[in-house]
Structures are given as structure tokens and as C-alpha cells.
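# A structural model of the following input is requested.
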Amino acid sequence: MTSATASGSGVTPRLTGADLIAAVPGLDRQAEIEVEDVRQVPGASLTLEDVAAVADRLHKAAAAGVEGIVVTQGTDTLEETAFLLDLLYRGSMPVVLTGAMRPPQQPGADGPANLLAAVRTASCPTLRGLGVVVVFADEIHAARHVRKIHSNSTSAFASPATGPIGHIVEGTVRLRVTPLRPEGVSAPVSRPARVEVLHAALGSDGILLDGLEDRLDGLVVAAFGAGHVPGSWVDRLEHVAARIPVVLTSRTGSGSVLSSTYAFRGSESDLLGRGLISGGSLDPLKARLLLWAHLSAGTDCTAIADAFAAHL
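Take a look at the predicted model:
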């Protein structure tokens, strides 16, 4: 959706899809390529509605017989776009996201190599039915697990909990494992929903929770460790959870929220007993997207809890 080029003293999104294709000699020999420019904004300025619009385009492309899609965008939000597209697009056509960590004017710019690897992956029949993947530095990552783990390294994308599902070796896609594809959101996005993430922090008294139920449609709590918050948060969280869905996740970004190991005030069992929904093994950013998708589709609270239970 976006790609960057230099302008004055900084980098701004100006390259078109045609520019990207032209920067990779021989790319047109890998597949018959059609280019469509959707948005030209920084990845940090993309909206959830932008991504939902791309998901709709993916369904139309699949219906038209397109065999694979590559989506390029800024890397700031690429992991979130991949996960949300995986929830909203349920076809079998391979969909590959990629981008670049180094702008084209820098030595060793990685964009062309990533784009070539992404096209090869999207053209590979083995990827059919596996959902959305991210291709970076010749690694293939499932959208369900991929995270951006470094601010500027060319190997910024990884799957800490599982590792990549495959690699591109000498121009050939080699799939190592076949990932399970989580259940998506079948109903279309039809209404606006506001969902935010609130991080637990040492010494926080939870004052930011006050009145959230009147401003949000859903909340994700990025809790300590296995799903713990300060004791001062508990009554406020219970109050909010009685009015809007509140999902409990771990701020660590890896591992699962527990359910019954600890029992102190503010522990995972205490919070789940007060009406919070377990986010399971989803990190806070992905949990937010799953909650947003279901709220936007009009899913009721019971079905939302069932959707998160699939990620335990």
C-alpha cells in the first residue's frame, strides 16, 4: 500500500507500485504482474478501515481468478495489517505482505530482494489455503505469529513463538511446516468500533481506566507476566468489563495468559472471575484486532469470548 523514497532530508511515501516493479530487474519473468495503488500514506497512518478495504479487494481478486497477491506497505504496522487481513480474508489465494527496512537511496536497500521473494512466494501453489504470510529477508512467517522485533534491522520480522514456516532458497520456496489457520471473522465489517490497548506498568494506579466504558467499545489490557495487574486496577477493571468487552493479554508478547495458577487480587484467575476475557496466546496488538473485527461485525459478547478461546 505504501513505499518510501527520499525527499529533502527525510523519507516520505512516494514510490508507486510500478516504481517498485521497475526496481527489480527480471521480476516480470517470475509471474504475470498487474499493479494497483491503493493508498500512499506512511504505515503509521493506515487505518483499520483501510485494511478492511484491502481485504475486500482480495476477495474480488480471488473471484476474478488472480492466483496470488503481494501487498507492500510501510513496516511500522505491517504485522498488524497481516493479522487483520488474515482474519478478514478467508480465501485460498496466497496473500503475501512485504516491505523494506532501508529506503532505496541507502546502500544495501532490501526492498527489491524482499519484493522478489514475495512474488515468488505468492506464485507458489504450496501456499494456497495457508492464509496471509509475511516475507522478509527470505523468511516466510505466518500472520498469526509474526512480529516486528527491531526498529531498523533488515531482519526486523520474526515469529518468536514458532520461528518461520519456510524460506526462499536459491529462488525456490521451501515450506518447513504447515501452520494451522485460525478461524476468521465471517461477517463483514459493518459498523465503527473503537478498541484500545492499556499497558500495565510498575506503580500505575489505573486512573486511565476511569470512564473508558463511555469512550470505547472494547479494551485490551496488556498485563504483567501471565496476566496480572496492580491491585488498584481491579475494581476499575471489573466496572469496565461489566459494560464493554475487556480482553486480558500479556505485555511480554510471548506465551499465554494463564487461567488458574495464581489467586491474588489482580491475578489472572481473579480478573477472569470478574468478567475479563482471556486473550490466550495472542499478544496485545493482535488481540485488539480480533476484538475490533468482531465488534465491527456485530458479534455478541458470548461469541467474542468463544473466538478468543480458539487462541488459548
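# just the helices in the stretch 151-300 of the chain please.
Using DSSP state H, counting those that start in this stretch, the helices of the stretch 151-300 of the chain run over residues 234-241, 268-273, 284-296.
# ranking those helices by burial, who's on top?
Among the helices of the stretch 151-300 of the chain, judged by mean count of other C-beta atoms under 10 Å, the one packed with the most neighbours on average is helix 284-296 (a mean of 25). All C-beta spots, glycine's among them, are computed from the backbone N, C-alpha and C.
# follow-up on the earlier one: which one of the helices of the stretch 151-300 of the chain lies closest to Asn114?
helix 284-296 (21.7 Å; C-beta to C-beta).
# for this structure, which segments count as strands?
Under the criterion DSSP state E, strands of the chain are mapped to 4-7, 10-13, 69-72, 95-98, 132-136, 139-142, 147-148, 157-158, 166-169, 172-175, 195-199, 218-223, 246-250, 277-278.
# of all these, which one is nearest Glu238?
strand 246-250 (9.0 Å).
# compute the inter-axis angle for the closest one and helix 284-296.
160 degrees (axes from the mean of the first three to the mean of the last three C-alpha atoms, to 10 degrees).
# ok, strand 246-250: who's next to it in the sheet?
The partner list of strand 246-250 in its sheet, established with DSSP bridges, is strand 218-223 (parallel), strand 277-278 (parallel).
# so which of the helices of the stretch 151-300 of the chain gets nearest Glu170?
Comparing the helices of the stretch 151-300 of the chain by their distance to Glu170 (C-beta to C-beta), the top pick is helix 284-296, with 32.8 Å.
# from the contact counts, what lies against the closest one?
Helix 284-296 makes packing contacts with helix 48-63, helix 78-88, strand 195-199, strand 218-223, strand 246-250, helix 301-309 when contacts are defined by 3 or more C-beta pairs under 8 Å, 6 or more residues apart in numbering; DSSP states H and E.
# with just CA atoms, put that helix into PDB.
Listed next in PDB are the C-alpha coordinates belonging to helix 284-296 (Å, rounded to 0.1, in the frame of the first residue of the first chain):
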ATOM      1  CA  PRO A 284      -2.000  -7.200  22.800                       C
ATOM      2  CA  LEU A 285      -1.800  -5.900  19.300                       C
ATOM      3  CA  LYS A 286      -3.300  -9.000  17.700                       C
ATOM      4  CA  ALA A 287      -5.900  -9.300  20.400                       C
ATOM      5  CA  ARG A 288      -7.000  -5.700  19.700                       C
ATOM      6  CA  LEU A 289      -7.500  -6.500  16.100                       C
ATOM      7  CA  LEU A 290      -9.500  -9.700  16.800                       C
ATOM      8  CA  LEU A 291     -11.700  -7.800  19.200                       C
ATOM      9  CA  TRP A 292     -12.200  -4.900  16.800                       C
ATOM     10  CA  ALA A 293     -13.100  -7.200  13.900                       C
ATOM     11  CA  HIS A 294     -15.800  -8.900  15.900                       C
ATOM     12  CA  LEU A 295     -17.200  -5.700  17.400                       C
ATOM     13  CA  SER A 296     -17.300  -4.200  13.900                       C
END
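# quick one, that helix and helix 78-88 angle?
Using the same axes, to 10 degrees, the interaxial angle of helix 284-296 with respect to helix 78-88 works out to 40 degrees.
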